[in-house]
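# no sequence for this one, just the structure:
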């Protein structure tokens with residue numbers, strides 16, 4: 001049995017990853033300081049003998065006595081609400097936290113995977129986005145704390161790969177949704193679902209023509225798991241290439257929920273990307289991966305979860 005450490009394992013993505021790893025027969029050590037994660041996301045795993053939770057801030061030295069084979073570094077605030085509220089913590093976990101996690105992987109001779117993001121592309125000048133694109137990021141804008149933290153974490157990961165010979169993987173995650181997203185997450189799908197289910201006006205920023213490509217969580221986790229087991233060390237986009245506008249997404253969710261909500265428009269946030277769509281050629285050819293869950297089905301599952309959480 002191989003042991004995997006997941007930093008940020010009590011978060012939305014981290015908890016699903018812990019679940020997948022246990023299902024694949026791995027022992028899992030979940031590390032999270034619960035600054036944005038929640039024990040509620042992993043409490044169903046506590047009864048499993050191969051699962052352990054450690055409440056800890058990974059910007060400090062990481063010590064686990066066990067033999068460790070894989071390190072998945074997922075610790076970071078990830079939604080605009082979180083990283084705008086926690087700018088210093090976001091920068092620290094992307095820099096110091098990545099450094100500590102890499103050092104830990106090196107000491108354990110473990111394979112390391114960093115969860116990066118499509119935000120490294122910023123407001124892109126090319127479309128769809130390929131991994132070779134260097135991005136168009138404002139380092140001093142409000143989103144810069146997250147974008148640059150992730151760009152730095154990629155650079156640090158590559159430095160450990162080239163200088164120390166560490167086995168590393170880099171996944172660039174595009175917009176993902178599913179069960180265990182927080183109601184107050186601030187991202188489009190949780191906001192639209194919670195507003196529609198409550199019968200409140202659904203808030204669309206700008207005119208809603210900006211696009212995103214949304215991937216259901218189980219598909220994303222499958223791609224990440226395949227990447228960790230692959231031999232490829234350069235960045236790989238994982239996301240659903242099916243692009244849609246935010247106005248279209250809002251309309252789909254209102255129809256799905258059967259809500260009588262209307263759509264209201266608010267001012268577009270600073271540096272909000274106009275388009276976002278992954279080129280997943282590498283994932284398809286190297287990992288034999290592509291998304292399987294249709295948006296209608298993924299949104300229905302997510303809606304059922306939100307109904308339960310909201311009690312409506």
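Structure's in. What do you need? As the structure is a prediction and not an experimental result, all values here were calculated from the model. Numbering: from 1, shown residues only.
# Just confirm residue 122 contacts residue 133, I think it does.
No - counting by Cβ atoms under 8 Å, residue 122 sits too far from residue 133 to count as a contact (9.7 Å). From N, CA and C alone the C-beta is placed, and that goes for glycine too.
# quick one, what contacts the closest residue to residue 281 other than its chain neighbours?
Sequence neighbours aside, residue 130 is the residue nearest to residue 281 in space, at 7.6 Å (criterion: Cβ to Cβ, 6 or more residues apart in numbering). The contact partners of residue 130, by Cβ atoms under 8 Å, 6 or more residues apart in numbering, come to 237, 279, 281.
# what's the distance between residue 130 and residue 236?
11 Å (Cβ to Cβ, to the nearest Å).
# any chance of the contacts of residue 130 in CSV, with secondary structure and pLDDT too?
Below are these laid out as CSV (DSSP: H, G, I helix; E, B strand; the rest coil; pLDDT from 0 to 100):
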residue, secondary structure, pLDDT
237, strand, 98
279, coil, 98
281, helix, 98
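# who wins for neighbours among those?
residue 237 (25 neighbours; other Cβ atoms under 10 Å).
# OK, contacts around it?
With contact set as Cβ under 8 Å, 6+ apart, residue 237 has these partners: 118, 129-131, 172, 174, 278-280, 282-283.
# make it 10 Å
Applying Cβ atoms under 10 Å, 6 or more residues apart in numbering to residue 237 gives the contacts 116, 118, 121, 128-131, 171-174, 213, 223, 277-283.
# and these, which are buried?
Buried by 16 or more other Cβ atoms under 10 Å: 116, 118, 121, 128-131, 171-174, 213, 223, 277-280, 282-283, out of the contacts of residue 237.
# Quick one: mark the members of these that sit in strands.
Counting by DSSP state E, the buried ones among the contacts of residue 237 place 116, 171-173, 213 in strands.
# okay if I get these as TSV plus distance to residue 68?
Formatted as TSV, those follow (distance: Cβ to Cβ, whole Å):
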residue	distance to residue 68
116	21
171	19
172	24
173	23
213	34
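# Check those residues against residue 15 and report the nearest one.
residue 173 (14.9 Å; Cβ to Cβ).
# what pairs with the closest one across the strands?
Applying DSSP bridges to residue 173 gives these bridge partners: residue 117, residue 238.
# What pLDDT is listed against it?
You'll see residue 173 listed with a pLDDT of 98.
# Could you report the separation of it from residue 143?
16 Å.
# do the same with residue 18
Distance, residue 18 to residue 143, by Cβ to Cβ: 28 Å.
# quick one: which of the two has more around it?
residue 18 (29 against 21).
# and that one, what is it in contact with?
Counted by Cβ under 10 Å, 6+ apart, residue 18 has contacts 4, 6, 9-11, 26, 28-30, 32, 41-42, 45, 48, 51, 53, 72, 74, 221.
# For the closest residue to residue 262 other than its chain neighbours, give me phi and psi.
The shortest distance from residue 262 to any residue other than its chain neighbours is 5.4 Å, reached at residue 201 (Cβ to Cβ, 6+ apart). In terms of degrees, to the nearest 10, the main-chain angles of residue 201 are phi -60, psi 140.
# does the residue nearest to residue 70 when sequence neighbours are not counted sit in a helix, a strand or a coil?
Counting by Cβ to Cβ, 6+ apart, residue 4 is the residue found nearest to residue 70 once chain neighbours are left out, at 4.1 Å. Recorded secondary structure, residue 4: strand (DSSP: H, G, I helix; E, B strand; the rest coil).
# Could you give the number of residues near residue 4?
Neighbours of residue 4 under the rule other Cβ under 10 Å: 26.
# How about residue 206?
Other residues near residue 206 come to 15 when the count uses other Cβ under 10 Å.
# hey, where'd the strands end up in this structure?
Under DSSP E, the chain gives strands at 3-7, 27-32, 51-55, 70-73, 111-117, 168-173, 176-177, 202-205, 211-213, 215-216, 236-238, 243-245, 263-266.
# got those strands as CSV, with distance to residue 151 columns?
Below are the strands of the chain laid out as CSV (distance: least, Cβ to Cβ, whole Å):
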stretch, distance to residue 151
strand 3-7, 19
strand 27-32, 23
strand 51-55, 28
strand 70-73, 15
strand 111-117, 8
strand 168-173, 11
strand 176-177, 19
strand 202-205, 24
strand 211-213, 20
strand 215-216, 21
strand 236-238, 15
strand 243-245, 23
strand 263-266, 28
